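A.B. asks: Have a look; sequence and predicted model below, questions after that.
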Amino acid sequence: MSKDRLIIFDTTLRDGEQSPGASMTRDEKVRIAKMLEKMGVDVIEAGFAIASVGDFESVRAVADAVKNSTVCSLARTGAEDIDRAAEALRSAESGRIHTFIATSPIHMEYKLRMAPDNVVERAVAAVKHARNLVADVEFSCEDASRSEYDFMCRIIEQVIDAGARTINLPDTVGYGEPGEYGEMVSRLMNAIPNADKAVFSVHCHNDLGLAVANSLSAVMHGARQVECTINGLGERAGNASLEELVMAVRTRADIFPVEVSVDATQIVPTSRLVSSITGFPVQPNKAIVGANAFAHESGIHQDGVLKYRETYEIMRAEDVGWNANKLVLGKHSGRAAFKARLEELGISLDNQAALNLAFTRFKELADKKHEIFDEDLQALMSDVQPEESDVKYRFIGLEAVSKTGLKPRADIELAVDNTPQQASAEGDGPVDAAFKATEMLVNSGANLLLYSVNAITSGTDSQGEVQVRLEKDGTIVNGNGADTDIIIASVKAYLDALNLLEAGVLKAHPQRGI
Ligand SMILES: CC(=O)SCCNC(=O)CCNC(=O)[C@H](O)C(C)(C)COP(=O)(O)OP(=O)(O)OC[C@H]1O[C@@H](n2cnc3c(N)ncnc32)[C@H](O)[C@@H]1OP(=O)(O)O
Ligand SMILES: CC(C)C(=O)C(=O)O
């Protein structure tokens with residue numbers, strides 16, 4: 001059965017820009033409009049031409065730049081607004097004037113201070129005037145969801161007769177509830193005698209978090225245009241988000257009687273562009289475009305996704321413009337994801353015991369750190385690889401005290417040949433103190449040639465990786481250690497180097513010397 005087309009009307013550049021702090025320059029609007037055009041959005045509302053010279057210029061620049069989408073300007077019902085919109089759209093390949101007036105009793109009485117008859121007159125005059133300037137005219141009953149049904153029937157019938165080809169029923173203040181709002185759309189469409197001459201549209205705000213639900217309900221009840229924005233940007237709590245609407249209709253094609261012609265792989269790049277231009281970050285758990293939308297940290301989910309992606313994913317990350325889904329390693333992860341990531345990094349573990357040992361170390365680290373990155377794993381594994389049971393020096397514990405006005409001190413506990421031993425020393429800093437305490441126990445006589453620290457990943461909970469270069473009797477070795485505690489990482493690196501010296505590393509592990 002063939003499906004109706006759902007017109008995607010993007011208003012990121014108009015209602016999206018009404019988010020306090022989201023103003024965009026003309027050139028920024030053109031960049032976003034080009035992306036929307038590439039995505040295949042049907043209508044781009046580029047601004048409100050009468051609002052300012054800058055907005056007029058933006059609408060004009062978008063009309064110049066965009067050829068494959070209809071470009072639209074908002075206008076109140078006054079002739080001056082409509083003339084300004086038409087002027088800004090003059091170069092558009094396909095231009096639309098979107099005129100509106102509030103139809104709810106509260107708006108008519110307190111804001112417009114107009115009698116309902118007067119509102120009807122203004123609306124009809126506006127549509128007629130706009131139709132003399134462009135062929136494509138949309139009319140919105142602002143605050144439709146709080147408007148009286150009979151009054152809407154009356155005004156809509158007359159504006160359709162006057163030439164409006166799209167009738168928009170905005171839930172301006174986000175008051176609608178999906179069942180009631182959807183029913184309003186179908187009731188109007190059924191009752192208005194000339195309704196078949198127009199496309200019915202919805203424009204929902206998110207004050208109760210229902211913008212997408214209301215829009216989708218309206219679609220189920222006959223609406224064939226949805227007005228929306230990238231990332232759900234928009235006045236107050238925002239508008240219905242384009243990405244959610246498009247992917248809901250696509251993913252639940254089994255229930256929605258419509259199809260959209262948008263190239264969804266452009267969604268994530270466009271979302272990023274809008275976010276970087278407006279400075280409005282996308283929350284990580286935002287549907288479709290949030291950083292976590294296709295990320296799995298839980299072991300059971302990761303195991304499921306590795307076995308069969310659809311166990312925990314209803315969409316493919318690639319289909320909306322991500323490179324791939326993500327298995328994030330953290331404290332909730334299991335062996336399946338851990339092993340898979342190690343294999344991707346070219347690290348293979350010979351047997352289950354080696355995997356278990358490495359996994360235990362990984363969990364210890366994950367308890368201290370939110371997310372384990374590839375670099376963390378590489379450091380962790382380089383720590384695990386040497387023959388654990390053979391090493392002479394093993395780190396057990398450390399307490400380092402560093403206090404303003406006091407000399408730093410370290411109390412250290414090591415296993416030397418499997419026998420626990422303790423020592424304390426003061427130093428120029430806590431690392432120096434820890435190394436001195438270590439030397440009290442190992443008495444290596446090695447020279448410290450280099451000490452370097454790197455934060456492996458970003459964030460104050462990142463692992464520090466320390467490299468220590470020691471020389472003894474002409475043999476030079478590099479030891480590495482990693483830990484979220486930089487003093488512990490330093491002692492681990494120091495002990496790693498001592499163990500390499502002890503093992504005569506240049507013969508046994510030539511790649512680890514220099
Ligand atoms: C629901 C929506 O999102 S509607 C779009 C909202 N967007 C914006 O308002 C952004 C751009 N707006 C602006 O730059 C300015 O408000 C302008 C340029 C449009 C108008 O500025 P001003 O002339 O200074 O008027 P102001 O904003 O103070 O008040 C709005 C006026 O428009 C009137 N008005 C509101 N809607 C309509 C309408 N659809 N048709 C006719 N007049 C309207 C109001 O009654 C008020 O008239 P009044 O001054 O006679 O009382
Ligand atoms: C002008 C209309 C479409 C609007 O933005 C609203 O009612 O929210």
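C.D. replies: That came through fine. Ligands and ions are numbered 1, 2, ... in the order given.

A.B. asks: for Lys331, phi and psi?
C.D. replies: phi -70, psi -10 (degrees, to the nearest 10).

A.B. asks: again with Ala51
C.D. replies: Backbone geometry at Ala51, expressed as degrees, to the nearest 10, gives phi -60, psi -40.

A.B. asks: That one: how many residues sit nearby?
C.D. replies: Counted with other Cβ atoms under 10 Å, residues neighbouring Ala51 total 18. Bear in mind the C-beta positions are built from the backbone N, C-alpha and C, glycine included.

A.B. asks: For the stretch 301-450 of the chain, which segments count as helices?
C.D. replies: 335-344, 352-368, 374-384, 430-442 (DSSP state H, counting those that start in this stretch).

A.B. asks: Buried residues of the second one, list them for me.
C.D. replies: By neighbour count with 16 or more other Cβ atoms under 10 Å, helix 352-368 contains the buried residues Leu355, Ala358, Phe359, Phe362, Leu365, Ala366.

A.B. asks: about what we covered before: tell me which of the helices of the stretch 301-450 of the chain lies nearest to ligand 2.
C.D. replies: Shortest distance between ligand 2 and the helices of the stretch 301-450 of the chain, using Cβ to the nearest ligand atom, is found for helix 335-344: 44.3 Å.

A.B. asks: Which strands or helices does the closest one pack on?
C.D. replies: helix 299-307, strand 326-327, helix 352-368, helix 374-384 (3 or more Cβ pairs under 8 Å, 6 or more residues apart in numbering; DSSP states H and E).

A.B. asks: quick one: the last one to helix 335-344, angle?
C.D. replies: Think helix 374-384. 90 degrees (axes from the mean of the first three to the mean of the last three Cα atoms, to 10 degrees).

A.B. asks: now the residue of the stretch 201-350 of the chain found nearest ligand 2, what's its secondary structure?
C.D. replies: Ligand 2 sits closest to His203 of the stretch 201-350 of the chain, with a gap of 4.5 Å, by Cβ to the nearest ligand atom. Under DSSP: H, G, I helix; E, B strand; the rest coil, the three-state class of His203 is strand.

A.B. asks: now it: how far from Gly321?
C.D. replies: Distance of His203 to Gly321, computed by Cβ to Cβ, to the nearest Å: 25 Å.

A.B. asks: same thing with Ala61?
C.D. replies: 25 Å.

A.B. asks: re the thing from before, want to try JSON lines for the helices and strands packed on helix 335-344, with distance to ligand 1 as columns?
C.D. replies: Formatted as JSON lines, these follow (distance: least, Cβ to the nearest ligand atom, whole Å):
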{"stretch": "helix 299-307", "distance to ligand 1": "41"}
{"stretch": "strand 326-327", "distance to ligand 1": "37"}
{"stretch": "helix 352-368", "distance to ligand 1": "47"}
{"stretch": "helix 374-384", "distance to ligand 1": "46"}
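
A.B. asks: closest one to Glu465 among the ones you listed?
C.D. replies: Closest of those to Glu465 is helix 374-384, at 5.1 Å (criterion: Cβ to Cβ).

A.B. asks: Can you tell me the closest non-neighbouring residue to the residue nearest in space to the middle of the chain?
C.D. replies: For the chain, Gly290 is the residue whose C-alpha lies nearest the centre (Cα atoms, centre = their mean; 2.5 Å). Of all residues beyond its chain neighbours, the one nearest Gly290 is Pro284 (5.0 Å), with distances taken as Cβ to Cβ, 6 or more residues apart in numbering.

A.B. asks: Quickly, which of the helices of the stretch 301-450 of the chain bottoms out on average pLDDT?
C.D. replies: With a mean of 71, helix 374-384 has the lowest mean pLDDT of those.

A.B. asks: Tell me how far Asp461 lies from Asn292.
C.D. replies: Going from Asp461 to Asn292 by Cβ to Cβ gives 18 Å.

A.B. asks: Same question for Lys368.
C.D. replies: Distance, Lys368 to Asn292, using Cβ to Cβ: 21 Å.

A.B. asks: Listing partners with orientation, what would you give for the helix or strand where Gln467 lies?
C.D. replies: For Gln467, the host element (DSSP states H and E) is strand 464-472. Applying DSSP bridges to the sheet, strand 464-472 is found paired with strand 447-455 (antiparallel), strand 475-483 (antiparallel).

A.B. asks: got the angle for it vs helix 430-442?
C.D. replies: Interaxial angle, strand 464-472 versus helix 430-442 (the same axes, to 10 degrees): 50 degrees.

A.B. asks: What are the buried residues along strand 464-472?
C.D. replies: Those would be Gly464, Glu465, Val466, Gln467, Val468, Arg469, Leu470, for strand 464-472 by 16+ other Cβ under 10 Å.

A.B. asks: show me what contacts the fifth one?
C.D. replies: When contacts are counted by Cβ atoms under 8 Å, 6 or more residues apart in numbering, Val468 is found next to Leu448, Leu450, Tyr451, Asn478, Gly479, Asn480, Gly481, Ser490, Ala493, Tyr494, Asp496, Ala497.

A.B. asks: The same query, at a cut-off of 6 Å, please.
C.D. replies: Tyr451, Gly479, Ala493, Tyr494, Ala497 (Cβ atoms under 6 Å, 6 or more residues apart in numbering).

A.B. asks: Run through the residues of the stretch 51-200 of the chain sitting next to ligand 2.
C.D. replies: Within the stretch 51-200 of the chain, the positions near ligand 2 by Cβ under 6 Å from any ligand atom are Phe100, Ser140, Glu142, Asn168, Pro170, Thr172.

A.B. asks: Where does pLDDT dip in this structure?
C.D. replies: Within the chain, the stretches with pLDDT under 70 are 1, 382-390, 504-514.

A.B. asks: domains for it, by residue range?
C.D. replies: Here the domain assignment for the chain is 4-278, 295-384, 390-512, based on automatic domain parsing.

A.B. asks: now the second one, how far from the centre of its chain.
C.D. replies: With Cα atoms, centre = their mean, to the nearest Å as the basis, domain 295-384 stands 21 Å off its chain's centre.

A.B. asks: For stretch 137-150, list the C-alpha coordinates in PDB.
C.D. replies: In PDB, the C-alpha atoms belonging to stretch 137-150 read as follows (Å, rounded to 0.1, in the frame of the first residue of the first chain):
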ATOM      1  CA  VAL A 137       0.900  30.400   1.500                       C
ATOM      2  CA  GLU A 138       0.700  28.800   4.900                       C
ATOM      3  CA  PHE A 139      -1.700  30.000   7.600                       C
ATOM      4  CA  SER A 140      -1.300  29.300  11.300                       C
ATOM      5  CA  CYS A 141      -3.900  29.500  14.000                       C
ATOM      6  CA  GLU A 142      -1.500  30.500  16.800                       C
ATOM      7  CA  ASP A 143      -2.400  28.700  20.100                       C
ATOM      8  CA  ALA A 144      -4.700  26.300  18.300                       C
ATOM      9  CA  SER A 145      -4.700  23.800  21.100                       C
ATOM     10  CA  ARG A 146      -6.400  26.400  23.400                       C
ATOM     11  CA  SER A 147      -8.700  27.800  20.600                       C
ATOM     12  CA  GLU A 148     -12.400  27.100  20.300                       C
ATOM     13  CA  TYR A 149     -13.300  24.400  17.900                       C
ATOM     14  CA  ASP A 150     -16.100  26.300  16.100                       C
END
